[in-house]
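> here's a sequence, model it:
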Amino acid sequence: MSMWTWTLDLTPDADSRSSPETDYPAAHSMDATWYAVDAAGHVGIFHSSENGPIPLSADQDQHLFWFLRFLDSGGTDTDYHTEADEDHEDFDAAEDRLGDRGFFVYWYVDALEPVLAAYSGKVVPEQAIHVDQLPPQVRRFVSRAILPGANFATDEEVQPIGQVDCFYYSEEEVAYMAAGEKEARPVPGREGRYREALPALQAQYPKLRFADLPEGSP
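Numbers count the residues shown, from 1 in each chain. Predicted coordinates:
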């Protein structure tokens, strides 16, 4: 099992303000863990931290320790919380256990507001498990979200936006980072606000490329 490291330099221009001209209020946030399968059948576990986008089809209510029990039981233990969870609430250790069993683990790390970052890889298994190797109930659970443009075995970053419809904790973010690229793109449905914010964002973050709006966008 190994870990990826990632670096993205988004240092503001020396002559610019410390934030874009537009005043974006702080977003309401909530932590969640969700599960997905990529185009190759690998299984990923994603921690949304505060503001990470979540596929609408994914189950975001089942925490990491629940999933370990669910997995160990072959899909029969569905109790949301047990006393055993409190005795073993070590996220790093739990993630290592899942990595040893073939699962990829990603975390959401905010890059800058109002741009939604991609999820960054944290745990990479030495031998990835295929979704078909899981018990039927576990297989059905993790397959609720399919990311057809992702390959967890090679992708240090994964961005669900643009692959599937997503839930957002905040209405404030107008753009998202394309996985593996230094390019921000408009969040679907927020193209108008993206257009309004674009001049200030381009001035503030000259090292970041901002995509043009698709032809015919509102």
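
> the residue most central in space within the chain: what's its closest spatial neighbour, skipping adjacent residues?
In the chain, the centroid-proximal residue (Cα atoms, centre = their mean) is residue 119; its distance is 3.7 Å. Nearest residue to residue 119, sequence neighbours excluded (Cβ to Cβ, 6 or more residues apart in numbering): residue 106, at 4.0 Å. For glycine as for every other residue, the C-beta is placed from the backbone atoms N, C-alpha and C.

> so what's the residue nearest to the centre of the chain bridging to?
Beta-bridge pairing for residue 119 (DSSP bridges): residue 108, residue 158.

> returning to what we had before: ok, the residue nearest to residue 119 touching residue 45?
Yes: using Cβ atoms under 8 Å, residue 106 makes contact with residue 45 at a distance of 7.2 Å.

> look up how far residue 38 lies from the residue nearest to the centre of the chain.
12 Å (Cβ to Cβ, to the nearest Å).

> where do the strands of this structure begin and end?
Ranges of strands in the chain, per DSSP state E, are 33-38, 43-47, 54-55, 104-108, 115-116, 119-123, 146-147, 157-158, 166-167, 175-177, 183-186, 209-210.

> closest to residue 76 out of those?
Across those, residue 76 has its closest neighbour in strand 33-38 (17.4 Å, Cβ to Cβ).

> would you list the strands that that closest one pairs with, along with their directions?
Sheet partners by DSSP bridges: for strand 33-38, these are strand 43-47 (antiparallel), strand 146-147 (parallel).

> including mean pLDDT and distance to residue 208, could those strands go into JSON lines?
What follows is the strands paired with strand 33-38, written out as JSON lines (pLDDT from 0 to 100; distance: least, Cβ to Cβ, whole Å):
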{"stretch": "strand 43-47", "mean pLDDT": "97", "distance to residue 208": "23"}
{"stretch": "strand 146-147", "mean pLDDT": "98", "distance to residue 208": "24"}
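
> give me the low-pLDDT residue ranges for this structure?
1-30, 80-89, 111, 214-218 (pLDDT under 70).

> got the CA positions of the helix ranked longest in the chain in CSV?
The longest helix of the chain (DSSP state H) is helix 191-204. C-alpha atoms of helix 191-204 as CSV (Å, rounded to 0.1, in the frame of the first residue of the first chain):
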residue,chain,number,x,y,z
GLU,A,191,-22.7,29.3,-15.6
GLY,A,192,-24.2,32.8,-15.2
ARG,A,193,-22.5,33.4,-11.9
TYR,A,194,-19.3,31.9,-13.2
ARG,A,195,-19.4,34.5,-16.0
GLU,A,196,-19.8,37.3,-13.5
ALA,A,197,-17.0,36.1,-11.2
LEU,A,198,-14.6,35.3,-14.0
PRO,A,199,-12.8,38.7,-14.4
ALA,A,200,-12.0,38.9,-10.7
LEU,A,201,-10.9,35.3,-10.5
GLN,A,202,-8.6,35.6,-13.5
ALA,A,203,-7.0,38.7,-12.0
GLN,A,204,-6.6,37.0,-8.6
